[in-house]
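Peer 1: quick one: sequence and predicted model below, then my questions.
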Amino acid sequence: MSTRARILDVAARLVAESPDGDISTRAVCEAAQVGAPALYRHFGDKEGLLSAVVDHGFDAYLATKRGRGEGADPIDDLRKGWDGHVEFALRNPNLYRLMNSPAMRTPPASALESHRILTGDLERAAAVGKLRLAPELASRMVMSANVGVALMLVARPATFADAGMSHRVRDAVHAAVLTPEAFRASRGEDAADGPRGPGGTVPATSEPSVPSAAARLNALLRRSPDPSLSAAEGALLTEWLDRLSNAPRVH
């Protein structure tokens, strides 16, 4: 095992065993039997070491997401992604708290990759007309809620002891970013379970909203840019579609 790998392995073990997830570089050096110069040569500083520990620990989780490929249904991938994220946090509480600590001034590469995978799933949902917001905005909403739930479950288990809470928050957020039809389908519901019109009738279909249509067109154009548009025209169209897809809904 190389010196870098040994330091990383020791640091990961100490993080997992620590009562609060914090470790000192001195303890790492002593346990790895290396001098401080070796640690700083490989990782720069304590933050660099902790960032590497997070990436090392999160890599196994990300490997399952990288290897799964694109499922037939992007909404199913979204639900599985949320649940897998929470499960990882519960199995690795110290590592997860460290990953989302304010002390980590530079986000670990694993956190950025996880966000890119989520955005990719939402872009696929938008391309088939299942998203009512732009993928980037929807991604920020889903990720912030997912991380918030996971952090509460690992940081305050006595208060957040309801095992079903994560699914309720997941469904609430998905209902906000998905079209009603896509959300109901993701829960195994049909049109009869949706809102009823005048006289209690159930609409056979729902007309797509302007934000949903704009998000879909934007996603399709990003996948296959129209060669008839100049770069400036394409950028302007993207700006307009983003503005339309992210417009607040009037209730």
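Peer 2: Now that the structure is in, tell me what you want to look at. Numbers count the residues shown, from 1 in each chain.
Peer 1: which helix or strand in the protein has the lowest average pLDDT?
Peer 2: Ranking every helix and strand in the chain by mean pLDDT, DSSP states H and E puts helix 210-223 at the bottom, with a mean of 79.
Peer 1: remind me what it packs against, helices and strands.
Peer 2: Here helix 210-223 touches helix 109-127, helix 231-245, going by 3 or more CB pairs under 8 Å, 6 or more residues apart in numbering; DSSP states H and E. The C-beta positions use only the backbone N, C-alpha and C, and glycine is treated the same way.
Peer 1: can you do 10 Å?
Peer 2: Here helix 210-223 touches helix 109-127, helix 135-155, helix 180-186, helix 231-245, going by 3 or more CB pairs under 10 Å, 6 or more residues apart in numbering; DSSP states H and E.
Peer 1: I'd like the ones you listed as JSON lines, with distance to residue 78, mean pLDDT and mean neighbour count appended.
Peer 2: Shown next, in JSON lines, are the helices and strands packed on helix 210-223 (distance: least, CB to CB, whole Å; pLDDT from 0 to 100; neighbours: other CB atoms under 10 Å):
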{"stretch": "helix 109-127", "distance to residue 78": "5", "mean pLDDT": "90", "mean neighbour count": "20"}
{"stretch": "helix 135-155", "distance to residue 78": "7", "mean pLDDT": "94", "mean neighbour count": "19"}
{"stretch": "helix 180-186", "distance to residue 78": "8", "mean pLDDT": "90", "mean neighbour count": "18"}
{"stretch": "helix 231-245", "distance to residue 78": "17", "mean pLDDT": "83", "mean neighbour count": "14"}
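Peer 1: with distance to residue 57 added, can I get those in JSON lines?
Peer 2: JSON lines is the format used below for the helices and strands packed on helix 210-223 (distance: least, CB to CB, whole Å):
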{"stretch": "helix 109-127", "distance to residue 57": "8"}
{"stretch": "helix 135-155", "distance to residue 57": "14"}
{"stretch": "helix 180-186", "distance to residue 57": "30"}
{"stretch": "helix 231-245", "distance to residue 57": "35"}
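Peer 1: closest one to residue 218 among those?
Peer 2: Each of the helices and strands packed on helix 210-223 has some distance to residue 218 by CB to CB; the shortest is helix 231-245, at 3.9 Å.
Peer 1: relative to the whole chain's centre, how far out is the closest one?
Peer 2: Here helix 231-245 is found 25 Å from its chain centre; the criterion is CA atoms, centre = their mean, to the nearest Å.
Peer 1: try stretch 24-40
Peer 2: 33 Å.
Peer 1: repeat that for stretch 129-147.
Peer 2: 9 Å.
Peer 1: show me the contacts for residue 26.
Peer 2: 36, 39 (CB atoms under 10 Å, 6 or more residues apart in numbering).
Peer 1: hang on, it in a helix?
Peer 2: Yes: counting by DSSP: H, G, I helix; E, B strand; the rest coil, residue 26 falls inside a helix.
Peer 1: just checking, residue 167 touches residue 82?
Peer 2: Yes: in terms of CB atoms under 10 Å, residue 167 counts as a neighbour of residue 82; the distance is 8.5 Å.
Peer 1: overlap of the contact sets of the two?
Peer 2: residue 149.
Peer 1: who's more crowded, the two?
Peer 2: A direct count of neighbours by other CB atoms under 10 Å for residue 167 and residue 82 places residue 82 higher, at 24 against 15.
Peer 1: and the pLDDT at the more buried one?
Peer 2: Listed pLDDT for residue 82 reads 94.
Peer 1: excluding covalently adjacent residues, which one is nearest to it?
Peer 2: Spatial nearest neighbour of residue 82, chain neighbours left out: residue 170 (4.7 Å); criterion: CB to CB, 6 or more residues apart in numbering.
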